[in-house]
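>>> test case, fold it:
(one chain, ligands or ions: 1)
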Amino acid sequence: MDLKEKIDSAAAHVGIIGLGYVGLPLACEFARAGFQLTGIDTDPAKVDRVNRAESYVQDVPNAVLASHVQAGRLRATTDVAALRSCDAVIICVPTPLRKTRDPDISYIVAAVGAIAAEIHPDMLVVLESTTYPGTTEEVIRSRLESTGFKVGRDFYLAFSPERVDPGNARFNTRNTPKIVGGITPACGDMAAALYRKAIDTVIQVSSTESAEMIKLLENTFRSVNIALVNEIALMCDRLGLDVWEVIDAAATKPFGFMPFYPGPGLGGHCIPIDPHYLSWKLKTLNYYAKFIELASEINGNMPHFVLSKIVEALNVQRKAVNGSRLLILVVAYKKDIGDVRESPALDVIKLLQDRGAEVVYNDPYVEEISLDHGILRSSALSDDLLATSDCTIIITDHSSYDYARVVEKARSVVDTRNATRDVKAGRKKITKI
Ligand SMILES: NC(=O)c1ccc[n+]([C@@H]2O[C@H](COP(=O)([O-])OP(=O)(O)OC[C@H]3O[C@@H](n4cnc5c(N)ncnc54)[C@H](O)[C@@H]3O)[C@@H](O)[C@H]2O)c1
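Numbers count the residues shown, from 1 in each chain. Now for the predicted structure:
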């Protein structure tokens, strides 16, 4: 059987490198489609948990994982030699920034090194990690071809950006349309054939660079629009206007407007990071990506704006930040999930602790966080905790909270998400951004 026949009959053995927020749900989709899956991760704890059918990704229920593991369709390993028996390999490793805010593609390089050691004829390799245009061609193709294999002839290579939105109840890995671009048309066709077996809609584009750029457009679009609305929030603050009313009313326009909402700053592994991959690449071409840098500056300053709102709320009580007891509601960057990566809550807490505040937090999804000033553990959200905190700061609006109770019991509330919009009593205690 050639690779296409193996894909069409779901007989292809699929390897996924990186079993995180992206890799684990993807592995489950391919297992659901009947493929044999091997997940490879450098983290032995994740590997053990997958093999014990114990999910650590909120969007993957234990029962779903267990059904694939128990049926023998999905197993995990730290051993990269497992790639030898894989017909298709999908790379889902992290792509963070270095301290200098330059792309760190070392995880991709390590994964590709492992594939190069096990490459065999007819192998399909797909990169899903978000990265700058040109990575698949310049970094992966050249490394894999250094083995003597030729792309499009001996192996297939494509890029397919992951678009997963953790915690989204409507759109998941399966029903979010998948973009695929190959190095050669045959590469694109082969990768598209594989994804069509597991994903509802697959859209093929002309090149890997185009596929890489599409993901960066999507995330830059979000970053820039969030920055715009954050700046509108700063303007409304100066004008004494309620930015939430302004946005909601503007959103009644049935065409030409799409609402974005202000907040305490950007969080997560994508929006604060990915646009910098694009601006870095453009710098190498002597082009300065102005919107990206400006958006990053505005969004990056939002925790300071939140600090100014906390100062305002404490001022009413004739209190200073120094020595105050402040309660942060939610350290996750996003509603109803437990991901704290790049969370603006961490920036706000640092600003407060640096100024001498005693900070406590509650987050039903996050048991503890590690900070410059040590480890903080989530405190139970008792009436007493609310009543004894000088200010309660809503950083993220998990749906599980009773906001009327929060406002009733709290001394003062800074609401960065308009979570208290429906609370009728005690509105004087609320400071909104
Ligand atoms: N999380 C999201 O919402 C999201 C959405 C779209 C795109 N992405 C992109 O997808 C990629 C992966 O993100 P994620 O959120 O799944 O990251 P993650 O940190 O949750 O998972 C990555 C996994 O890769 C493993 N790993 C690292 N190096 C490895 C190696 N050499 N071999 C094997 N395993 C290795 C890590 O141990 C980790 O388990 C990133 O490029 C990210 O930008 C993420």
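>>> pick out the residue of the chain closest to the ligand.
When distances are taken as CB to the nearest ligand atom, the chain approaches the ligand most closely through residue 20, which lies 1.8 Å from it. All C-beta atoms are positioned from the backbone trio N, CA, C, and that covers glycine.
>>> and the pLDDT for that residue?
On pLDDT, residue 20 comes in at 95.
>>> tally of neighbours for the nearest residue to it once chain neighbours are set aside?
Once flanking residues are discounted, residue 20 sits nearest to residue 92: 6.7 Å by CB to CB, 6 or more residues apart in numbering. Neighbour count of residue 92, defined by other CB atoms under 10 Å: 26.
>>> dihedrals phi and psi, the residue of the chain closest to the ligand?
Here the main-chain torsion angles of residue 20 (degrees, to the nearest 10) amount to phi -100, psi -150.
>>> now stretch 150-159: mean pLDDT?
Per-residue pLDDT values across stretch 150-159 average out to 97.
>>> quick one: is it near the ligand?
No - under the criterion of CB under 6 Å from any ligand atom, stretch 150-159 makes no contact with the ligand; the nearest approach is 11.4 Å.
>>> now do the end-to-end distance for that stretch.
One end of stretch 150-159 sits 17 Å from the other (CA to CA, to the nearest Å).
>>> contacting residues around it?
Residues external to stretch 150-159 that are found in contact with it (CB atoms under 8 Å, 6 or more residues apart in numbering): 3, 119, 121-128, 135-136, 140-141, 144-145, 149, 180-184, 186-188, 190-191, 208, 211-212.
>>> quick check: the residue nearest to residue 20 vs residue 133, distance?
Noted for residue 92: a distance of 19 Å to residue 133, by CB to CB, to the nearest Å.
>>> now do the helices in the stretch 201-350 of the chain.
Counting by DSSP state H, counting those that start in this stretch, the segments of the stretch 201-350 of the chain that form helices are 208-239, 243-250, 274-283, 290-300, 302-316, 344-354.
>>> in the fifth one, what's buried?
The neighbour-count criterion (16 or more other CB atoms under 10 Å) identifies 302, 303, 305, 306, 307, 309, 310, 311, 313, 314 as the buried residues of helix 302-316.
>>> element containing residue 387, please.
Mapping residue 387 onto the secondary structure by DSSP states H and E places it in helix 383-388.
>>> which helices and strands does that helix pack with?
Identification of packing neighbours for helix 383-388 by 3 or more CB pairs under 8 Å, 6 or more residues apart in numbering; DSSP states H and E yields strand 325-329, helix 403-409.
>>> residue 113 reaches residue 140, doesn't it?
No - between residue 113 and residue 140 there is no contact, the gap being 10.5 Å when judged by CB atoms under 8 Å.
>>> higher neighbour count, the two?
The residue with more neighbours, out of residue 113 and residue 140 and counting by other CB under 10 Å, is residue 140; that gives 28 against 12.
>>> tell me the spacing between that one and residue 204.
When distances are taken as CB to CB, residue 140 and residue 204 turn out to be 19 Å apart.
>>> just put the buried residues of helix 302-316 in a markdown table and tack on distance to residue 286.
Supplementary listing: the buried residues of helix 302-316 in a markdown table, determined by distance: CB to CB, whole Å:
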| residue | distance to residue 286 |
| --- | --- |
| 302 | 31 |
| 303 | 33 |
| 305 | 34 |
| 306 | 37 |
| 307 | 37 |
| 309 | 40 |
| 310 | 42 |
| 311 | 42 |
| 313 | 47 |
| 314 | 48 |
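>>> buried set for the helix holding residue 387?
Judged by neighbour count using 16+ other CB under 10 Å, the buried positions of helix 383-388 are 385, 386.
>>> what average pLDDT does that helix get?
Per-residue pLDDT over helix 383-388 has a mean of 98.
>>> does anything pack onto whichever helix or strand comes after it? Which helices or strands?
Read in the C-terminal direction, the helix or strand following helix 383-388 is strand 391-394, with elements assigned using DSSP H and E. With contacts defined as 3+ CB pairs under 8 Å, 6+ apart, strand 391-394 has these neighbours: helix 302-316, strand 325-329, helix 403-409, strand 413-415.
>>> reformat these as CSV; add mean pLDDT.
Compiled in CSV, these are given as follows (pLDDT from 0 to 100):
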stretch, mean pLDDT
helix 302-316, 98
strand 325-329, 98
helix 403-409, 98
strand 413-415, 98
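>>> reformat those as TSV; add distance to the ligand.
Formatted as TSV, the helices and strands packed on strand 391-394 follow (distance: least, CB to the nearest ligand atom, whole Å):
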stretch	distance to the ligand
helix 302-316	20
strand 325-329	23
helix 403-409	27
strand 413-415	26
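>>> and these as TSV, adding distance to residue 15?
Rendered in TSV, the data for the helices and strands packed on strand 391-394 read as follows (distance: least, CB to CB, whole Å):
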stretch	distance to residue 15
helix 302-316	40
strand 325-329	41
helix 403-409	46
strand 413-415	46
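>>> does residue 77 really touch residue 40, like I thought?
Yes - Residue 77 is in contact with residue 40 according to CB under 8 Å; the separation is 5.9 Å.
>>> those two - which one has more neighbours?
Applying other CB under 10 Å to residue 77 and residue 40 shows that residue 40 carries more neighbours, namely 26 against 17.
>>> okay, now the residue lying closest to that one once chain neighbours are set aside: neighbour count?
Leaving aside its sequence neighbours, residue 40 sits nearest to residue 17 (CB to CB, 6+ apart; 5.0 Å). Residues lying near residue 17 (other CB under 10 Å) number 30.
>>> okay, and the beta partners of residue 17?
Following DSSP bridges, residue 17 is listed with bridge partners residue 40, residue 91.
>>> returning to that earlier point: export the helices of the stretch 201-350 of the chain as JSON lines, with columns for distance to residue 153.
As requested, these are exported to JSON lines (distance: least, CB to CB, whole Å):
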{"stretch": "helix 208-239", "distance to residue 153": "17"}
{"stretch": "helix 243-250", "distance to residue 153": "54"}
{"stretch": "helix 274-283", "distance to residue 153": "28"}
{"stretch": "helix 290-300", "distance to residue 153": "38"}
{"stretch": "helix 302-316", "distance to residue 153": "51"}
{"stretch": "helix 344-354", "distance to residue 153": "48"}
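>>> near the ligand, which residues of the stretch 1-150 of the chain show up?
Proximity of the stretch 1-150 of the chain to the ligand is assessed by CB under 6 Å from any ligand atom, with 17-23, 40-43, 46, 92-95, 107, 110-111, 128-130 identified as the residues in range.
>>> buried among the residues you listed? Make that a ChimeraX selection.
To isolate the buried subset of these in ChimeraX, counting by 16+ other CB under 10 Å, use the following:
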select :17,18,19,20,21,22,23,40,41,42,46,92,93,94,95,107,111,128,129,130
